[in-house]
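>>> coords please:
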Amino acid sequence: MKDIVWDEILSVGVDEIDEDHRKLVNIFNILNHSVMAEESSDYLAATLAELINCTVWHFSHEERLMLKHRYEGIEEHKAEHRELIKSAKELQQEILQADKPVVDEHIEFLERWLTEHILTADLRLGSYLSQVM
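Next comes the predicted model:
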């Protein structure tokens, strides 16, 4: 599995959101490398928890910006955030309860989970915020 490489394609045009996304990409890449290096299941679980916790914080950050700048698509965007966190926590529970290792399939899921949201909903948000901030 390849790392996610940060570049302008992933930029939403709002520095504070882009900085959050860079951090999330970095944690994803740490998890990816840890799977390839066959790190302990405890370490992988801790890294996955960090990714989820940082994502929860980031979503809260985005939602604050949406409220402050009266983003009309806020409810749809928040619903997507809830669904993304739910799916990540379900994956986390599956791994923890079954004492399963994190495998390439999980990494591929998390890569799509992270990048698809940035490339769709967050680009729309970034376009709006770039105009009003």
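
>>> alpha carbons only for contacts and neighbour counts from here, please
OK.

>>> Check the secondary structure at residue 20 for me.
Secondary structure, DSSP: H, G, I helix; E, B strand; the rest coil: residue 20 is helix.

>>> Could you pull up phi and psi at the nearest residue to it once chain neighbours are set aside?
Using CA to CA, 6 or more residues apart in numbering and skipping the chain neighbours, the partner closest in space to residue 20 is residue 58 (6.4 Å). In terms of degrees, to the nearest 10, the main-chain angles of residue 58 are phi -60, psi -40.

>>> List the buried residues in the worst-scoring helix or strand of the chain on mean pLDDT.
Least confident helix or strand, the chain: helix 104-117 with a mean of 89, by mean pLDDT, DSSP states H and E. Going by neighbour count (16 or more other CA atoms under 10 Å), the buried part of helix 104-117 is 106-107, 110-111, 114.

>>> Is it possible to get a markdown table of those residues that adds distance to residue 72?
Converted to a markdown table, those look like this (distance: CA to CA, whole Å):
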| residue | distance to residue 72 |
| --- | --- |
| 106 | 33 |
| 107 | 33 |
| 110 | 28 |
| 111 | 28 |
| 114 | 23 |
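
>>> tell me, what residue is most central in this structure?
By CA atoms, centre = their mean, the chain has its centre lying nearest to residue 114, at 4.1 Å.

>>> what bits of this protein have low per-residue confidence?
Within the chain, the segments meeting pLDDT under 70 span 1, 99-100.

>>> Repeat the analysis, applying 80 as the threshold.
For the chain, applying pLDDT under 80 flags the ranges 1, 98-103.

>>> next one: the one helix or strand residue 66 maps to to chain centre, how far?
Element membership of residue 66, judged by DSSP states H and E, is helix 41-68. Computed by CA atoms, centre = their mean, to the nearest Å, the chain-centroid distance of helix 41-68 equals 7 Å.

>>> Helix 104-117 and that helix, what's the angle between them?
Angle between the axes of helix 41-68 and helix 104-117 is 10 degrees (criterion: axes from the mean of the first three to the mean of the last three CA atoms, to 10 degrees).

>>> All set now, cheers.
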